[in-house]
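Peer 1: below are the sequence and a predicted model; questions follow.
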Amino acid sequence: VTEAALHPLIDALPRFRLAALPTPVEHLPMLSAETGVNLWTKRDDLTGFALGGNKARKLEFLVGDALAHGADCVITTGGSQSNHARITAAAAGKAGLECFLVLDTGRHPSGGNLFLDNLFGAHIELLDSADPRVAVEAMRSLSDKLESQGRKPYSIPRGGSVPAGAVGYAAMIFELAQQFPEIGAPVDYLYVATGSCGTHSGIMAGIALAAIDLPVRGISVSHPERTQVERVTTLTNDLLNWLGSSLTLGGLQVVVDAAYVGEGYGVPTAGVWEAIRRLSRSEAILLDPVYTGKAMAGLLDHIDRDVVPPGSTVVFVHTGGSPALFAYADEMEQSGCLA
Ligand SMILES: Cc1ncc(COP(=O)(O)O)c(C=O)c1O
């Protein structure tokens with residue numbers, strides 16, 4: 001197994017290795033036969049580190065950057081079932097950095113990722129609010145307090161969705177491009193969950209840097225389409241600029257469909273439960289109720305409505321998240337979808 005040759009601007013960055021790369025690309029034979037679409041998945045749920053997922057790719061560069069800045073601790077934020085918080089806690093511990101998590105009150109404030117945050121030894125402040133602005137303020141005052149004690153905190157915004165994190169997904173594109181021969185057909189669409197937008201933005205920047213033709217469709221798990229398109233556009237350009245590239249997003253199209261958000265972030269829809277059930281039973285692949293379940297619900301509906309024409313080749317980026325399944329287990333059973 002060889003690691004992909006990346007772009008020189010990415011190779012030059014400080015990086016703290018965490019993930020088992022390359023992750024496999026796998027065909028989904030049962031689902032392909034059922035849908036008439038040639039379906040593949042990029043198994044980033046198998047990045048391996050601390051139960052895997054997309055955040056391991058981001059944290060490699062974020063922790064690299066924190067160490068290069070002489071940090072002795074990291075601070076980040078997210079919901080109580082944040083996968084990003086879990087991986088940050090684990091990565092910080094491995095890098096010898098103390099980890100402080102400022103978490104919003106979510107709908108599932110126990111078990112799953114929150115249990116793992118504790119296990120990985122993070123200091124956890126649970127906020128009595130779900131407003132992200134409260135979390136940003138709490139992070140700032142914690143950072144000030146630590147600095148006044150002579151510490152050197154490195155603050156990572158929600159989702160690690162800043163250039164130093166998103167770059168992990170630009171690197172993923174170079175890895176995936178080396179796997180195209182395995183797929184054996186031109187990829188018509190790459191589907192991905194779009195949340196805090198770092199993953200989608202990194203992918204767009206990678207496509208620009210690698211100069212490949214790969215249409216991307218993001219399925220929003222939280223915000224409306226316009227917000228997500230603006231965020232991805234801005235962060236892609238910021239990332240290319242941060243890397244020192246003269247490229248911009250230019251003519252590349254940012255596509256996000258926000259029709260599958262339902263009542264909001266972290267609230268599963270009937271389509272999510274159905275997608276989780278279908279993938280586990282036909283392909284033994286575990287999706288999660290917050291991100292990949294919504295993204296797969298969107299992809300399956302796009303196939304049903306011929307937004308993905310029959311015979312197309314699609315790669316679904318499986319960004320992980322299955323630890324949250326355990327926090328949602330009761331809710332999933334109550335939905336009746338396991339019957
Ligand atoms: C499992 C999973 N998938 C997808 C995403 C979305 O990635 P991003 O926040 O970079 O848009 C996240 C983010 O937390 C995640 O944990």
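Peer 2: Noted; the coordinates are in hand. Numbers count the residues shown, from 1 in each chain.
Peer 1: quick one: name the residues of the chain near the ligand.
Peer 2: Selection of the chain residues close to the ligand by CB under 6 Å from any ligand atom yields 53-55, 83-84, 159, 161, 193-200, 288, 291-292, 319-321. Heads up, the C-betas are built off the backbone N, CA and C, glycines and all.
Peer 1: strands - which of the residues you listed land there?
Peer 2: Secondary structure assignment by DSSP state E places 193-194 of these in strands.
Peer 1: among the residues of the chain next to the ligand, name the ones in helices.
Peer 2: Of those, the ones assigned to helices by DSSP state H are 55, 83-84, 198-200, 292.
Peer 1: out of those, which comes closest to Leu13?
Peer 2: Closest to Leu13 out of those is Gly198 (15.1 Å), distances taken as CB to CB.
Peer 1: give the closest residue to the closest one in space, chain neighbours not counted.
Peer 2: Spatial nearest neighbour of Gly198, excluding adjacent residues (CB to CB, 6 or more residues apart in numbering): Ser161 at 3.2 Å.
Peer 1: find the residue at the geometric middle of this protein.
Peer 2: Closest residue to the average C-alpha location of the chain: Asn54 at 4.3 Å, with CA atoms, centre = their mean.
Peer 1: run through the residues that contact that residue.
Peer 2: 44, 47, 83, 168-169, 199, 317, 319-320 (CB atoms under 8 Å, 6 or more residues apart in numbering).
Peer 1: now with 7 Å?
Peer 2: Going by CB atoms under 7 Å, 6 or more residues apart in numbering, Asn54 touches 44, 199, 319-320.
Peer 1: now, which of the residues you listed sits nearest Val25?
Peer 2: Asp44 (10.3 Å).
Peer 1: and the residue nearest to the centre of the chain, how far from Gly321?
Peer 2: The gap separating Asn54 from Gly321 is 8 Å, by CB to CB, to the nearest Å.
Peer 1: Ser155 now?
Peer 2: From Ser155 across to Gly321, the span is 23 Å (CB to CB).
Peer 1: which one's more surrounded, the two?
Peer 2: Legend: neighbour count by other CB atoms under 10 Å for Ser155 and Gly321, higher for Gly321 (28 against 20).
Peer 1: burial count for the closest residue to Gly321 other than its chain neighbours?
Peer 2: In space, and not counting its chain neighbours, Gly321 is closest to Asp288: 3.1 Å by CB to CB, 6+ apart. By the measure other CB under 10 Å, the count of residues near Asp288 is 30.
Peer 1: surely Leu59 forms part of a strand?
Peer 2: No: counting by DSSP: H, G, I helix; E, B strand; the rest coil, Leu59 is located in no strand; its state is helix.
Peer 1: what secondary structure does the closest residue to it other than its chain neighbours sit in?
Peer 2: Leaving out its chain neighbours, the residue that sits closest to Leu59 by CB to CB, 6+ apart is Ala91, at 4.3 Å. Secondary structure assignment for Ala91 (three-state DSSP): helix.
Peer 1: how much space between Ala91 and Phe61?
Peer 2: Going from Ala91 to Phe61 by CB to CB gives 11 Å.
Peer 1: do Thr41 as well
Peer 2: Applying CB to CB, the value for Thr41 to Phe61 is 23 Å.
Peer 1: residues in contact with the longest helix belonging to the chain?
Peer 2: Longest helix in the chain, counting residues (DSSP H): helix 163-183. Residues from elsewhere that reach helix 163-183 (CB under 7 Å, 6+ apart): 4-7, 10, 13, 21-22, 25, 40, 42, 57-58, 60-62, 65, 187, 198-199, 201-203, 205-207, 209-210, 212, 235, 238-239, 242-243, 313.
Peer 1: quick one, which of these are buried?
Peer 2: 6-7, 10, 13, 21-22, 25, 40, 42, 57-58, 60-62, 65, 187, 198-199, 201-203, 205-207, 209, 235, 239, 242-243, 313 (16 or more other CB atoms under 10 Å).
Peer 1: which ones among those are found in strands?
Peer 2: Using DSSP E, the subset of the buried ones among the contacts of helix 163-183 located in strands is 25, 40, 42, 313.
Peer 1: quick check: closest non-adjacent residue to the first one.
Peer 2: In other words, Val25. Nearest one to Val25, counting by CB to CB, 6+ apart, is Gln179 at 4.7 Å.
Peer 1: what of the third one?
Peer 2: Counting by CB to CB, 6+ apart, Val317 is the residue found nearest to Lys42 once chain neighbours are left out, at 4.9 Å.
Peer 1: name the SS class of that neighbour, please.
Peer 2: Per three-state DSSP, Val317 ends up strand.
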